[in-house]
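> after the sequence you'll find the predicted model.
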Amino acid sequence: EAAANGTVLCGGSAGAGCWFTSMHSDSLRPDNVKHSQVVKNEMDDEDLTDWDYVKISGLGIIPTPGNIMAVPHFDRTGSNTRSRSEAAEEMVACNSDVPAAIGIDNNAALVVEGDKVMAVSGDGEATVHIVFKDEGTREITTSPMNPTD
């Protein structure tokens, strides 16, 4: 209702991805809990890095064709030593219910106004990326959007 009335909706990290139908998440990370210090004290380094990214549901406020997944921190690597960009590309390649993804780098923002989108860079380098699968060749392509200041 707020979005329909012109209210600006924004957020960083999960707050940026929640507006999409689905989002790439590190929510299964063992130390991603309320009492993370207890977990860190009870698990060894191998256990702390033995997790994978998952696709979770979002609010679906940003209309996208199909189930385009948002990927916050696209340019980062998790404590599992997997880069989010590679994991997102793998999800698009292997899941028929994820036809594409929008990767948002740290220090970048995706601005959506009606049917127009724009990448904004906070540092002049960070941007937004489109990850998609060619249905004919099944090849995955990742293309950066040109950021504007």
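Structure's in. What do you need?
> only C-alpha atoms for contact and neighbour calcs from this point on.
Noted.
> which ones are touching residue 3?
By C-alpha atoms under 8 Å, 6 or more residues apart in numbering, the contact set of residue 3 is 9, 61.
> please apply the same query to residue 106.
So residue 106 contacts 72, 73, 74, 75, 76, 126 (C-alpha under 8 Å, 6+ apart).
> give me the buried subset of these.
Neighbour counting over the contacts of residue 106 (16 or more other C-alpha atoms under 10 Å) leaves 72, 73, 74, 75, 126 as the buried ones.
> elements contacting the lengthiest helix in the chain?
Longest helix in the chain, counting residues (DSSP state H): helix 84-94. Helix 84-94 sits against strand 69-72, strand 100-104, strand 128-133, strand 140-144, with contacts defined as 3 or more C-alpha pairs under 8 Å, 6 or more residues apart in numbering; DSSP states H and E.
> just put those strands in JSON lines and tack on distance to residue 25 and mean pLDDT.
What follows is the helices and strands packed on helix 84-94, written out as JSON lines (distance: least, C-alpha to C-alpha, whole Å; pLDDT from 0 to 100):
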{"stretch": "strand 69-72", "distance to residue 25": "8", "mean pLDDT": "96"}
{"stretch": "strand 100-104", "distance to residue 25": "12", "mean pLDDT": "95"}
{"stretch": "strand 128-133", "distance to residue 25": "16", "mean pLDDT": "95"}
{"stretch": "strand 140-144", "distance to residue 25": "19", "mean pLDDT": "94"}
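> could I get the ones you listed as TSV with distance to residue 31?
Converted to TSV, these look like this (distance: least, C-alpha to C-alpha, whole Å):
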stretch	distance to residue 31
strand 69-72	19
strand 100-104	23
strand 128-133	28
strand 140-144	30
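> what about the ones you listed, which gets the closest to residue 15?
For these, proximity to residue 15 was assessed by C-alpha to C-alpha; strand 69-72 is nearest, at 9.0 Å.
> which strands and helices sit next to the closest one?
Checking 3+ C-alpha pairs under 8 Å, 6+ apart, strand 69-72 ends up next to helix 14-17, strand 22-25, helix 84-94, strand 100-104.
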